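>>> Structure for the following, please:
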Amino acid sequence: MTELLPAWSHPVTAIGASLLAYLAGLWLYRLSRHNPLLHPGIIAIGTLIAVLTLFGVPYADYFDGAEALHFLLGPATVALAIPLYQYAGMIRRLMLPIIGGLLAGTVVAITSAVGLAWWLGATEPTLLSLAPKSVTTPIAMGVAEQIGGLASLAAGMVIVTGAIGCMLAPWLYRWLGIKNPATQGLALGVVAHGFGTAKAFEMSPAAGAFAALGLGLAGLLVAFTLPFIVALF
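Prediction:
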């Protein structure tokens, strides 16, 4: 199947396969009435992994072809500022709780993952790759490379973290009786980044806006502070 390798490095093939996998996942997700276990992102990733493995295509070849999608992650994140503007007044009134939730969520996300991995005997590159796992993919990959981690592992952990967050958040909100959309959205954005923000928009526009805020602020906080903290230790 080596004759298929050049085709996968072509944008038409790689991007087309990515879009088809996502559309299939979206169809299943809607068919299941938004079952979090069938999140379209999870289905798309699993489908692409299976296809690449089946045809023996190296990930580097696929990434070369789909690099445009990776580039668009940045503009897509910036575009989340639009819903934020609609809730600017509400955000200003809740600024103190937002800062508190941001700091608590970010610190717990980093220390719990790194601490558990260290206790289980993970290597230093693995620990450094886990540290930025709860921020959006482009920031996590950049930070991981800067501090000595593995960008690919960081990206994988971002996906796993987002998927788990989407699965557990609705159940936790019901169990804890959390009904405020601002609280729901901020928690999802801080802990489950892009996946969580998409889930929050399914809940309500307000939850989506606060998830976008949490995603952006958590990314900034980790990008500016984590390399400095790692350098100190």
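>>> what stretches of this protein score poorly on pLDDT?
Within the chain, the segments meeting pLDDT under 70 span 1-6, 8-9, 77, 233.
>>> what does the domain assignment say about it?
1-65, 74-232 (automatic domain parsing).
>>> ranking these by burial, who's on top?
Mean neighbours per residue, mean count of other Cβ atoms under 10 Å, is largest over the domains of the chain for domain 74-232, with a mean of 19. C-beta here means a position set from N, CA and C on the backbone, and glycine is covered the same way.
>>> what about the helices in the protein?
For the chain, applying DSSP state H gives helices covering 5-8, 11-31, 40-55, 59-65, 67-79, 81-86, 88-93, 95-119, 124-130, 137-147, 151-176, 181-203, 205-232.
>>> so how far is the last one off the chain centroid?
Right, helix 205-232. In terms of Cα atoms, centre = their mean, to the nearest Å, the centre of helix 205-232 is found 12 Å from the chain centre.
>>> what do you get for the fourth one?
Here helix 59-65 is found 20 Å from its chain centre; the criterion is Cα atoms, centre = their mean.
>>> Repeat that for the third one.
Taking Cα atoms, centre = their mean, one finds helix 40-55 lying 17 Å from the centre of the chain it belongs to.
>>> For that helix, give me every contacting residue.
1, 4, 8, 17-18, 21-22, 24-26, 28-29, 57-59, 62, 159, 162-163, 195, 198 (Cβ atoms under 8 Å, 6 or more residues apart in numbering).
>>> please redo it, this time with the cut-off set to 10 Å
1-2, 4-5, 7-8, 14, 17-30, 36-37, 39, 57-59, 61-62, 66, 156, 159-160, 162-163, 166-167, 194-195, 198 (Cβ atoms under 10 Å, 6 or more residues apart in numbering).
>>> Setting the sequence-adjacent residues aside, check what's closest to Ile164.
Excluding its sequence neighbours, the residue lying closest to Ile164 (Cβ to Cβ, 6 or more residues apart in numbering) is Ala192, at 7.6 Å.
>>> now swap in Ser134 and tell me
Closest to Ser134 by Cβ to Cβ, 6+ apart is Ala109, at 3.8 Å.
>>> just checking, the one you found touches Val222?
Yes - if you go by Cβ atoms under 10 Å, Ala109 and Val222 touch, sitting 9.0 Å apart.
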